[in-house]
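> Attaching a predicted model along with its sequence, questions to come.
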Amino acid sequence: MAENKTNVMRILDQKKIPYTPHFYPHGDEAVDGVTVAQSLGQDPERVFKTLVTRGSKGYYVFVIPVTAELDLKKAAKAVGEKSVAMLHVSELLPLTGYVRGGCSPVGMKKLFPTTFHSSALEQPTICVSAGKIGSQIEVKPNALAKLVRGQFAALAQEDGVC
């Protein structure tokens, strides 16, 4: 299995953060997160996708359940911006080092401000991409957030209004 290790897994090993690797069959194209969750036999509420946005002050990473839609207004508020916009898919690889469907909050070319959906705290572990299509890591949300200096906030469209 060592040959299947991704850079994300190597970073977690180096930082001594426990995780469980998961692999799923895939083609060359990214599959949607719900399909990934089903392939892994995981509850979609515990499988998270990594989204990259741009604001006036820089780039931001948001990690939300695969079943949720990022609320751009809530996301902007969480990072102190007036507004944020989704990064175009063509900008993803040069900026992060990752392709669509294989984007992980861990091991990007640069550490961007990262915010996790607050529902992650309700889960004992969450799954995020291990940095390439077909690979996921299951890890404790607090350990993951600490590694990327992340915060937690309500980010999804269905989240209750304060």
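Arrived safely.

> so S104 makes contact with V128?
Yes. Using CB atoms under 8 Å, S104 is in contact with V128, at 5.8 Å. (C-beta placed from N, C-alpha, C; glycine too.)

> Need the overlap of contacts for the two.
Jointly contacting S104 and V128 under the rule CB atoms under 8 Å, 6 or more residues apart in numbering are 50, 137.

> ranges for the helices of this structure?
Applying DSSP state H to the chain gives helices spanning 7-14, 33-40, 72-78, 89-96, 141-147.

> can you pull out the strands in the protein?
For the chain, the strands defined by DSSP state E occupy 20-23, 48-55, 58-65, 84-86, 114-117, 126-129, 135-139, 151-153.

> picking up where we left off before, for the helices of the chain, could you give me JSON lines that also reports distance to A120 and mean pLDDT?
Listed next are those as JSON lines, based on distance: least, CB to CB, whole Å; pLDDT from 0 to 100:
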{"stretch": "helix 7-14", "distance to A120": "16", "mean pLDDT": "97"}
{"stretch": "helix 33-40", "distance to A120": "14", "mean pLDDT": "88"}
{"stretch": "helix 72-78", "distance to A120": "13", "mean pLDDT": "97"}
{"stretch": "helix 89-96", "distance to A120": "20", "mean pLDDT": "96"}
{"stretch": "helix 141-147", "distance to A120": "4", "mean pLDDT": "98"}
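
> ok, and the closest non-adjacent residue to the most centrally placed residue in the chain?
The centroid of the chain falls nearest to T50 when counting by CA atoms, centre = their mean (2.8 Å). Nearest in space to T50, with sequence neighbours left out and distances taken as CB to CB, 6 or more residues apart in numbering, is C103 at 4.5 Å.

> Same question for V31.
G101 (6.8 Å).

> Contact partners for T125?
T125 neighbours (CB under 8 Å, 6+ apart): 20, 46, 138-141.

> Name the nearest residue to L87, sequence neighbours excluded.
Closest to L87 by CB to CB, 6+ apart is V52, at 4.4 Å.

> Tell me how many other residues surround that neighbour.
Burial measure for V52: 24 neighbouring residues, criterion other CB atoms under 10 Å.

> could I get the helices of the chain as TSV with mean neighbour count and distance to S118?
Shown next, in TSV, are the helices of the chain (neighbours: other CB atoms under 10 Å; distance: least, CB to CB, whole Å):
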stretch	mean neighbour count	distance to S118
helix 7-14	17	23
helix 33-40	18	18
helix 72-78	19	10
helix 89-96	14	23
helix 141-147	18	10
